[in-house]
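K.L.:
test case, fold it:
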Amino acid sequence: MENKKRCDWVPVDNPLYIAYHDQEWGRPTHDDRELFEMLSLEGAQAGLSWITILKRRENYRTAFEQFIPEIVSNFDEEKVNELLQNEGIIRNRLKIRSVIKNARAFLNVQKEFGSFDQYIWKFVGGKPIVNNWETIDKVPAATKESEEMSKDLKKRGFSFVGPTICYAFMQASGMVNDHTSDCFLAHSR
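P.N.:
The predicted structure follows:
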């Protein structure tokens with residue numbers, strides 16, 4: 001196995017976590033569908049460990065039609081009940097409904113701003129915030145930017161978008177680079 005130093009939250013013996021850390025986390029994402037997926041998965045993760053969601057990611061993609069917001073926005077109560085029977089995802093009615101609600105709000109943001117990307121990246125001035133944390137315990141759970149994002153998303157009808165979820169979303173989508181200074185990816189972008 002390779003000997004790269006990674007952020008301390010990445011278990012050295014977990015290929016799923018390693019791939020996520022090395023290939024996705026902290027990399028700037030501007031694709032609206034991917035942004036919707038990340039926002040949905042971060043909401044699903046609320047109160048759970050990220051590995052719980054990461055292990056079910058493919059099931060989520062199948063259950064939520066690859067996170068195409070135009071399709072998800074049309075899910076009805078019958079579909080909610082069907083998803084509640086799906087053992088491959090977290091079967092929480094509020095979280096399932098929030099993905100549908102958020103798809104509708106997402107489409108409204110796209111109409112207003114031309115894309116969700118144009119809207120969401122304004123919270124960091126259009127470019128990633130690159131932090132230089134020495135250790136993972138220095139990384140905040142929320143910031144002024146994630147609080148502003150949360151407030152604005154809620155105002156626009158989104159749910160499961162508190163400041164901590166928004167900050168995790170910002171990290172996942174590369175709006176923030178929080179790779180610790182000893183990680184091989186710390187200054188790669």
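K.L.:
list phi and psi for Gly47.
P.N.:
phi 80, psi 0 (degrees, to the nearest 10).
K.L.:
then Arg104?
P.N.:
Phi and psi for Arg104, reported as degrees, to the nearest 10, are phi -70, psi -40.
K.L.:
what sits against it?
P.N.:
Remark: with contacts taken as CB atoms under 8 Å, 6 or more residues apart in numbering, Arg104 is in contact with Ser73, Gly157. Using the backbone N, CA and C atoms, a C-beta is placed for each residue, glycine as well.
K.L.:
how about the helices in this structure?
P.N.:
Listed in chain order, the helices found in the chain under DSSP state H are 15-23, 32-45, 50-54, 57-63, 69-72, 77-84, 93-113, 116-120, 144-155, 163-172.
K.L.:
residues in contact with the most centrally placed residue in the chain?
P.N.:
Residue closest to the average C-alpha location in the chain (CA atoms, centre = their mean): Met38, at 3.1 Å. Taking CB under 8 Å, 6+ apart, we find Met38 in contact with Thr29, Phe169, Ala172, Ser173.
K.L.:
mind redoing it with 6 Å?
P.N.:
Neighbour list for Met38: Phe169, Ala172, Ser173 [criterion: CB atoms under 6 Å, 6 or more residues apart in numbering].
K.L.:
look up how far Lys5 lies from it.
P.N.:
25 Å (CB to CB, to the nearest Å).
K.L.:
quick check: the closest residue to His21 other than its chain neighbours vs Leu39, distance?
P.N.:
Nearest non-adjacent residue to His21, counting by CB to CB, 6 or more residues apart in numbering: Val10, 4.6 Å away. Val10 sits 22 Å away from Leu39, going by CB to CB.
K.L.:
which one of these two has more residues nearby?
P.N.:
Using other CB atoms under 10 Å as the criterion, Val10 and Leu39 rank with Leu39 on top: 28 against 18.
K.L.:
wait, the more buried one touches Ala168, no?
P.N.:
No. Leu39 is beyond contact range of Ala168, at 9.9 Å (criterion: CB atoms under 6 Å).
K.L.:
before we move on, back to that, could the contacts of Met38 be laid out in JSON lines, adding pLDDT, neighbour count and distance to Arg156?
P.N.:
What follows is those, written out as JSON lines (pLDDT from 0 to 100; neighbours: other CB atoms under 10 Å; distance: CB to CB, whole Å):
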{"residue": "Phe169", "pLDDT": "98", "neighbour count": "25", "distance to Arg156": "15"}
{"residue": "Ala172", "pLDDT": "96", "neighbour count": "24", "distance to Arg156": "20"}
{"residue": "Ser173", "pLDDT": "97", "neighbour count": "27", "distance to Arg156": "17"}
